[in-house]
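Asks: Need the 3D shape of this:
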Amino acid sequence: MVPLFLALLLPSLRHVADAEPSHIGKMHPPAPKEQNGLDDSQQEKVVSVGAEGVLHSPNFPHIYPRNTKLVWRLVAANENSRIKLTFDERFGLEDPEDGLCKYDYVEIEDPVEGKILGRWCGSQSFPGPQVSKGSQVLIRFTSDEYFPSAPGFSIRYSLLPQKQAVVEVPAAASPATHQSVDVLGEVVSGFSTVEEVMKYLEPDHWQLDIEDLYKPTWHMLGKAFLYPKKPRGVVDLNQLREEVRLYSCTPRNFSVSLREELRRTDVVFWPSCLLVQRCGGNCPCCSNRCYECQCQPVRVAKKYHEVLMLKYKAGGKGLQKLLTDVPLEHHEECSCVCKDNSD
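Replies: Below is the predicted model of the structure:
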């Protein structure tokens with residue numbers, strides 16, 4: 001039998017026990033989620049841009065985590081405005097391989113035009129300012145399971161009125177103002193000679209820069225083959241068949257953009273495009289048993305081409321100009337391959 005004083009006390013104890021969790025919950029609310037897209041790595045984080053803000057890699061400026069994929073979609077509060085992105089000078093991701101950012105990188109895409117504005121990695125220099133073409137911009141961050149680095153990246157975003165979004169560069173403007181790489185590339189690509197490029201870059205002492213730029217190099221000349229002319233009226237069926245083989249599916253000249261081919265958005269090349277050998281042509285006589293044939297490379301070689309490369313130095317300390325070799329893939333032999341092996 002419960003004593004009378006305990007019976008009177010028990011309801012009060014239950015009331016205290018029931019009230020305590022609620023009281024504790026009010027004293028210690030859950031921590032708010034970060035507003036820079038790091039709260040959910042599986043979904044796209046939409047950020048409304050009405051004023052300045054910052055987003056960054058996890059743990060910035062310390063080592064970012066492995067196996068991370070983050071996506072931010074920045075949307076201007078005013079659809080007639082543009083978005084400006086400015087990278088923090090403290091920039092460092094895993095180094096590229098063969099000049100390409102394959103593993104850890106930050107990438108910016110303009111969803112209006114479906115165009116990649118740039119992909120960056122490494123730590124030699126930080127990316128220049130970027131301006132969206134429309135009222136939205138996508139930022140992707142990817143890291144694989146190996147070699148995370150520090151400090152990662154940090155990007156400050158701000159709203160830019162439409163009338164300021166399009167950067168107009170007069171022909172006489174100087175690149176010393178540290179134009180964005182895209183703007184510099186558009187200006188330089190319009191010049192037809194390297195002398196015009198150097199005059200634009202260094203109008204006061206461009207001739208000295210030309211002398212420093214060029215160095216003696218050896219060039220190998222290809223061999224020329226002359227085929228004997230056949231007598232009129234004689235048909236060489238073997239030659240006809242050989243011509244079909246030579247010209248139906250063969251390596252032929254294609255022009256490629258160096259920045260797109262090498263995925264180097266941090267530099268400007270001149271010439272901006274080069275000719276490479278790539279497989280082309282049709283395969284009308286591949287095989288009687290083949291439903292559809294396609295022309296594919298069977299021997300590929302990497303060849304180096306010497307071009308002028310322009311790159312801003314770290315910290316915006318001038319423009320580096322040098323001749324450099326860029327690797328491009330060439331198809332040396334092509335063959336018609338059956339796409340559908342079923343009869």
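Asks: And the helices in this protein?
Replies: Assigned by DSSP state H, the chain shows helices spanning 4-27, 162-165, 181-189, 194-201, 206-213, 237-248, 258-262.
Asks: rank those by pLDDT, which is bottom?
Replies: Among the helices of the chain, helix 4-27 carries the lowest mean pLDDT, a mean of 42.
Asks: who touches stretch 241-254?
Replies: With CB atoms under 8 Å, 6 or more residues apart in numbering as the test, stretch 241-254 has contacts from 275-285, 295, 297, 330-336. For the C-beta atoms, the positions are set from N, CA and C on the backbone; glycine is no exception.
Asks: got any ranges where this structure has weak pLDDT?
Replies: Scanning the chain with the threshold set as pLDDT under 70 gives 1-42, 161-179, 214-237, 286-290, 316, 340-343.
Asks: any idea how it splits into domains?
Replies: The chain resolves into domains spanning 44-165, 194-217+237-338 when parsed by automatic domain parsing.
Asks: burial of residue 115, as a residue count?
Replies: 10 (other CB atoms under 10 Å).
Asks: residues touching the nearest residue to it once chain neighbours are set aside, list them.
Replies: Leaving aside its sequence neighbours, residue 115 sits nearest to residue 109 (CB to CB, 6 or more residues apart in numbering; 7.0 Å). By CB under 8 Å, 6+ apart, the contact list for residue 109 reads 115-117, 137-140.
Asks: who's the one residue sitting closest to the centre of the chain bridged to?
Replies: Central residue of the chain (CA atoms, centre = their mean): residue 119, 2.9 Å from the mean position. Beta-bridge pairing of residue 119 under DSSP bridges involves residue 107.
Asks: Let me know the closest of the contacts of residue 109 to residue 57.
Replies: For the contacts of residue 109, the minimum distance to residue 57 (CB to CB) is 10.6 Å, reached by residue 139.
Asks: Which strand residues bridge the closest one?
Replies: For residue 139, the beta-bridge partners under DSSP bridges are residue 72, residue 108.
Asks: number of nearby residues for it?
Replies: By other CB under 10 Å, the residues close to residue 139 number 23.
Asks: thought it was touching residue 54?
Replies: No: here residue 139 does not reach residue 54: they are 11.9 Å apart, not a contact under CB atoms under 8 Å.
Asks: Now for the residue lying closest to residue 140 once chain neighbours are set aside: which residues touch it?
Replies: With CB to CB, 6+ apart as the criterion, residue 140 has its nearest non-adjacent residue at 4.5 Å, and that residue is residue 107. With contacts defined as CB under 8 Å, 6+ apart, the neighbours of residue 107 are 116, 118-120, 139-142.
Asks: Kindly report the same for residue 141.
Replies: 57, 68-71, 105-107, 153.
Asks: Repeat the analysis, applying 7 Å as the threshold.
Replies: Residues in contact with residue 141 (CB atoms under 7 Å, 6 or more residues apart in numbering) are 57, 68, 70, 106.
Asks: Counting neighbours, which of those comes out on top?
Replies: Ranking the contacts of residue 141 using other CB under 10 Å puts residue 57 first, with 29 neighbours.
Asks: show me the contacts for the closest residue to it other than its chain neighbours.
Replies: Leaving aside its chain neighbours, residue 57 sits nearest to residue 152 (3.2 Å; criterion: CB to CB, 6+ apart). Shown in contact with residue 152 (CB under 7 Å, 6+ apart): 56-57, 59-61, 64, 92-93.
Asks: distance of residue 265 from residue 192?
Replies: Distance of residue 265 to residue 192, given as CB to CB, to the nearest Å: 24 Å.
Asks: Settle it for me: which of these two has more neighbours?
Replies: Neighbours were counted for residue 265 and for residue 192 using other CB under 10 Å; residue 265 has more, 22 against 8.
Asks: Quick check: that one touching residue 118?
Replies: Yes: here residue 265 reaches residue 118: they are 3.6 Å apart, a contact under CB atoms under 7 Å.
Asks: start to end distance for stretch 257-275?
Replies: The separation between the terminal residues of stretch 257-275, taken as CA to CA, to the nearest Å, is 9 Å.
Asks: which parts of that stretch are buried?
Replies: Buried residues in stretch 257-275, defined by neighbour count with 16 or more other CB atoms under 10 Å: 258-259, 261-274.
Asks: Figure out how far that stretch is from the centre of its chain.
Replies: Offset of stretch 257-275 from its chain centre (CA atoms, centre = their mean, to the nearest Å): 11 Å.
Asks: Next: stretch 248-268.
Replies: How far stretch 248-268 lies from its chain's middle: 14 Å, per CA atoms, centre = their mean.
Asks: Ends of it, what's the gap?
Replies: Criterion CA to CA; first-to-last residue distance in stretch 248-268 is 36 Å.
Asks: Residue 76 bridge partners, please.
Replies: Beta-bridge partners, per DSSP bridges, of residue 76: residue 49.
Asks: Tally up the residues packed near it, please.
Replies: Neighbour tally, residue 76, other CB under 10 Å: 21.
Asks: can you pull the contacts of it?
Replies: Here residue 76 is in contact with 49, 82-83, 135, 159 (criterion: CB under 7 Å, 6+ apart).
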